[in-house]
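S.K.: 3D, please:
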Amino acid sequence: MKNKFKILTLTLALILISTQVVAQLSPAINFIQPPPRQGTPKGTVPAGSRRGCPQTQKPLTALVPVTKFSDNTELRWGLTTQDHPTFWFYIPYESKSVQTAKFSLRDRTNSTLYETDIKLTGTPGVINVSLPKEAPLLSNNQWYRLYLFINISCAPNTPYQKDFAEAWITRETLAPALSSELEKATIQQKANIYAKNGIWYDAITTVAEIRRQNPQDKKWDNLLKSAGL
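M.R.: Numbering: from 1, shown residues only. Next comes the predicted model:
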């Protein structure tokens, strides 16, 4: 009986240690969304469901936090410190159903700054679109609008249907102290620093790299959940 008790105690101790180690290796990342600042674009009324195609479990979505306002409008927006950031989207459609896909970056007046066709493979799932070096760089304290336009063939011999996702982005300069902190940080620490300072686009791209290196890491799930995604 004493031996059984010792084994049970040892087992519980090992489980507790393992849980603590996992928690240390995969700490939760909580994104802190900064409040809209002066000059923030106006919110838009949430779009209704797309007609003509079967309803997907989740919609085509730019993976960017949403701010909801009292007048029933909402704004999907985030910050970056990069002049050529990476953007993330959830695609609910099978690749074979997508006829064309196009990414577009526009300024606040909706003038196109950069546009490119995208070949989708392996969807449904998450994709990323990186702004190439030949594209115009994002200026500090300026608002930009990004779109992903998709034409879907919902059934054989039928006209394609249109769908799109959109979000806003603005670039901000890092404070010297924060910039110094990031220079010394590991990739794990950088993810937390970006998230705690409300720098969404840099946070999600850093966490995506962590997940690429370790597919079992939970930071990606934690970050999306903390941002309401």
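S.K.: From now on I want contacts and neighbour counts done on CA atoms only, so please keep to that.
M.R.: Noted.
S.K.: any idea how far T44 is from K196?
M.R.: Here T44 is placed at a distance of 27 Å from K196 (CA to CA, to the nearest Å).
S.K.: The two - which one has more neighbours?
M.R.: The neighbour comparison of T44 against K196 (other CA atoms under 10 Å) goes to K196, with 17 against 14.
S.K.: For the chain, which residue occupies the most central location?
M.R.: By CA atoms, centre = their mean, the chain has its centre lying nearest to L63, at 3.5 Å.
S.K.: wait, what's in contact with A227?
M.R.: Neighbour list for A227: 30-33, 65 [criterion: CA atoms under 8 Å, 6 or more residues apart in numbering].
S.K.: Show me how this structure divides into domains.
M.R.: 39-173, 174-229 (automatic domain parsing).
S.K.: Which one of those has the poorest average confidence?
M.R.: Lowest mean pLDDT within those: domain 39-173, at a mean of 90.
S.K.: In three-state terms, label L182 for me.
M.R.: helix (DSSP: H, G, I helix; E, B strand; the rest coil).
S.K.: List the residues that contact it.
M.R.: 189-190, 193.
S.K.: cutoff 10 Å now
M.R.: With contact set as CA atoms under 10 Å, 6 or more residues apart in numbering, L182 has these partners: 174, 176, 189-191, 193-194.
S.K.: Which of those residues has the largest number of neighbours?
M.R.: Neighbour max across the contacts of L182 (other CA under 10 Å) = A191, 28 neighbours.
S.K.: May I have stretch 162-169 exported as CSV, CA atoms only?
M.R.: Extracted C-alpha coordinates of stretch 162-169, given in CSV (Å, rounded to 0.1, in the frame of the first residue of the first chain):
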residue,chain,number,x,y,z
LYS,A,162,-17.3,37.9,-55.3
ASP,A,163,-16.1,38.1,-51.7
PHE,A,164,-13.5,40.3,-50.0
ALA,A,165,-11.8,41.1,-46.7
GLU,A,166,-10.5,44.5,-45.6
ALA,A,167,-8.6,46.1,-42.8
TRP,A,168,-6.6,49.3,-41.9
ILE,A,169,-3.0,49.7,-40.9
